[in-house]
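Novice: Here's a sequence, model it:
(2 chains)
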Amino acid sequence: MNDRKSTISDARIEEIVGNLLWAGVVVSSLIVLIGGGLYLARHGTELPNYHIFYGEPSELRSVMGIMKFASSYSGRGIIQFGLLLLIATPVMRVAFAVISFMAQRDKVYVGVTLIVLAVLMFSLAGGGH
Amino acid sequence: MNIAEFSLLTFVGSLTAGFLGALTGLGGGVVIVPLLSLVFGVDIRYAIGASLVSVIGTSSGAAAAYVKQGFSNIRLGMFLEMATTFGAFLGAAIAGMISTRIIAVIFGAVLLYSAFLSFREDTPTASEDTQHFLANPLHLDGSYPSLDGPVSYHVHHIPTGFSLMFLAGALSGLLGIGSGAVKVLAMDRAMRVPFKVSTTTSNFMIGVTAAASAGVYLNRGYIDPGLAMPVMLGVVLGAFFGSRVLVSSRTRLLRVIFAGVILILGIEMIYGGITGRS
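Specialist: Numbers count the residues shown, from 1 in each chain, chains lettered A, B, ... in the order given. I've put the predicted structure just below:
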């Protein structure tokens, strides 16, 4: 059972988290939209080829590769950067939860959220490849 | 059909799926993969990558609205995420080792199950007053706001719920879907959490679960920006509008129709998987 004090701070935290998630979705969608515009302007008249699976080139597979590719103003690179930001939104949400449980001195949940964060980081770093 | 026309068509298809998914509460992600692979002839691996990314978008977008209302139980969600993220990571790793035909058949089975769930009437579960011995040390019991003040509730059958969540995560990672149906099932039926709490908590968990497998898919080259762009924008925009339409009696009819579509897609996916057509 939560005592009254921690319930109020939980509500405050939830409000900040809500805004954080919303900002993450809006900003990443806008970046994807900009990259999509560039991509369609340059390659819109070419033929799509998703019927056969080739897999993405290495520069679109890793965090560092995407950053580098996006900074060269490639449409596909910018889209992928926006998607990466979208994937990072729930990760930031968990990281924020770690901090707020630390502030509440809730050791059990600092541990729980750190485990979740570790799985997410391991996955993004290419641990499952 | 060139890339511009293909992008426009997949955008409209994803917009419709996101809209109907949010309106009926069945989720749009579950129809994206069959839509892309059966209708547009996209390889199932690219389809799963694009679907997974849009699932994160809808979950974060909806959770942003839900968390402020105070229904979601953040501790319960984080506790169960230990099961879903680990399951999702494992599911995504397994997806790279097995044939796409097997994935198509499993996908079809999940679609049939989702359709079956939505045809069935929701029966309110009787709430028990006993407290699970794990609930107190883990602070899992909570309360939600109502017109008569906060209503407190207990969380039951914690190990069963935790195991079901592992399964939900594995399915999410294997198929690139949100697995909302399994998550709500675990919290509603097994853990006996009030409906509003289970729906909103499951919604915020979906994004975190999907992020655990998205990393694996990204590293394996399943996420194609050209395909994911119209799909993600369509689903997120569709879900945004779908969640703002007032729920009326017509939604019930829409729900039945949408469940019918899911049923047909499920049969198609299983047939395609067995015959090796997709």
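Novice: Number of residues surrounding the residue in the stretch 51-200 of chain B that chain A sits nearest to?
Specialist: For the stretch 51-200 of chain B, the residue closest to chain A is residue B:64, as judged by Cβ to the nearest Cβ, at 3.9 Å. (C-beta placed from N, C-alpha, C; glycine too.) By other Cβ atoms under 10 Å in any protein chain shown, the residues close to residue B:64 number 21.
Novice: show me what contacts it?
Specialist: A:18-19, A:21-22, A:25 (Cβ atoms under 8 Å, 6 or more residues apart in numbering or on different chains).
Novice: so can I have a markdown table of those showing pLDDT and secondary structure?
Specialist: Shown next, in a markdown table, are these (pLDDT from 0 to 100; DSSP: H, G, I helix; E, B strand; the rest coil):
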| residue | pLDDT | secondary structure |
| --- | --- | --- |
| A:18 | 83 | helix |
| A:19 | 87 | helix |
| A:21 | 87 | helix |
| A:22 | 89 | helix |
| A:25 | 93 | helix |
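Novice: Buried subset of those residues, written for PyMOL?
Specialist: Buried subset of the contacts of residue B:64, written as a PyMOL selection, criterion 16 or more other Cβ atoms under 10 Å in any protein chain shown:
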select buried, chain A and resi 18+21+22+25
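Novice: contacts with chain B among the contacts of residue B:64, please.
Specialist: When the contacts of residue B:64 are checked against chain B using Cβ under 8 Å from any Cβ of the partner chain, the ones in range are A:18-19, A:21-22, A:25.
Novice: Just want the most central residue of chain A.
Specialist: With distances taken as Cα atoms, centre = their mean, chain A has residue A:88 as the residue nearest its mean C-alpha position (1.6 Å).
Novice: For it, give its distance to chain B.
Specialist: Shown here: residue A:88 relative to chain B, a distance of 8 Å by Cβ to the nearest Cβ, to the nearest Å.
Novice: Name the helix or strand for that residue, please.
Specialist: Assigned by DSSP states H and E, residue A:88 belongs to helix A:75-103.
Novice: which secondary structure elements does that helix contact?
Specialist: On a contact count with 3 or more Cβ pairs under 8 Å, 6 or more residues apart in numbering or on different chains; DSSP states H and E, helix A:75-103 meets helix A:4-43, helix A:63-70, helix A:107-124, helix B:44-67, helix B:74-95, helix B:195-219, helix B:225-242.
Novice: Could you point out which residue ranges in the chain have low pLDDT?
Specialist: This is for chain A. Filtered on pLDDT under 70, chain A yields the residue ranges A:1-10, A:127-129.
Novice: that answer is for a different chain, and I need it for chain B
Specialist: B:68, B:120-129, B:246-251, B:277-278.
Novice: Tell me which residue is most central in it.
Specialist: With distances taken as Cα atoms, centre = their mean, the residue of chain B nearest its centroid is residue B:178 (2.4 Å).
Novice: That one belongs to a strand?
Specialist: No: Residue B:178: not assigned to a strand; according to DSSP: H, G, I helix; E, B strand; the rest coil it is coil.
Novice: That one contacts residue B:31, doesn't it?
Specialist: No: Residue B:178 lies out of contact with residue B:31 (Cβ atoms under 8 Å); the separation is 11.6 Å.
Novice: Kindly indicate whether residue A:53 is helix, strand or coil.
Specialist: Under three-state DSSP, residue A:53 falls in the coil class.
Novice: hang on, isn't it packed against residue B:45?
Specialist: Yes: Residue A:53 lies in contact with residue B:45 (Cβ under 8 Å); the separation is 5.0 Å.
Novice: what about the two, which has more around it?
Specialist: Neighbour tally, residue A:53 and residue B:45, criterion other Cβ under 10 Å: the higher count belongs to residue B:45, 24 against 14.
Novice: was I right about that one contacting residue B:227?
Specialist: No: in this structure, residue B:45 is not within contact of residue B:227 by Cβ under 8 Å, at 10.7 Å.
Novice: how deep is residue B:5 tucked in, by neighbour count?
Specialist: 12.
Novice: Please apply the same query to residue A:42.
Specialist: For residue A:42, using other Cβ under 10 Å, the count is 13.
Novice: Now do the same contact list for residue B:60.
Specialist: If a contact means Cβ under 8 Å, 6+ apart, then residue B:60 has A:21-22, A:24-25, A:86, A:89-90, A:93, B:207 as its contacts.
Novice: same deal with residue B:29?
Specialist: Residues counted as contacts of residue B:29 (Cβ under 8 Å, 6+ apart) are B:21, B:51-52, B:54-55, B:58, B:176-178, B:235.
Novice: what would the residues you listed look like in CSV with distance to residue B:213?
Specialist: Below are those laid out as CSV (distance: Cβ to Cβ, whole Å):
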residue, distance to residue B:213
B:21, 19
B:51, 11
B:52, 6
B:54, 13
B:55, 10
B:58, 16
B:176, 7
B:177, 10
B:178, 11
B:235, 17
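Novice: and those near chain A, which?
Specialist: With Cβ under 8 Å from any Cβ as the criterion, the contacts of residue B:29 include none near chain A.
Novice: nearest to residue B:35, of those residues?
Specialist: residue B:51 (9.1 Å; Cβ to Cβ).
Novice: Contacts only, for that closest one.
Specialist: Residue B:51 touches B:29, B:32-33, B:36, B:176-177, B:231, counting by Cβ under 8 Å, 6+ apart.
Novice: now do 10 Å
Specialist: Counting by Cβ atoms under 10 Å, 6 or more residues apart in numbering or on different chains, residue B:51 touches B:14, B:17, B:28-37, B:44, B:175-178, B:210, B:217, B:228, B:231-232, B:235.
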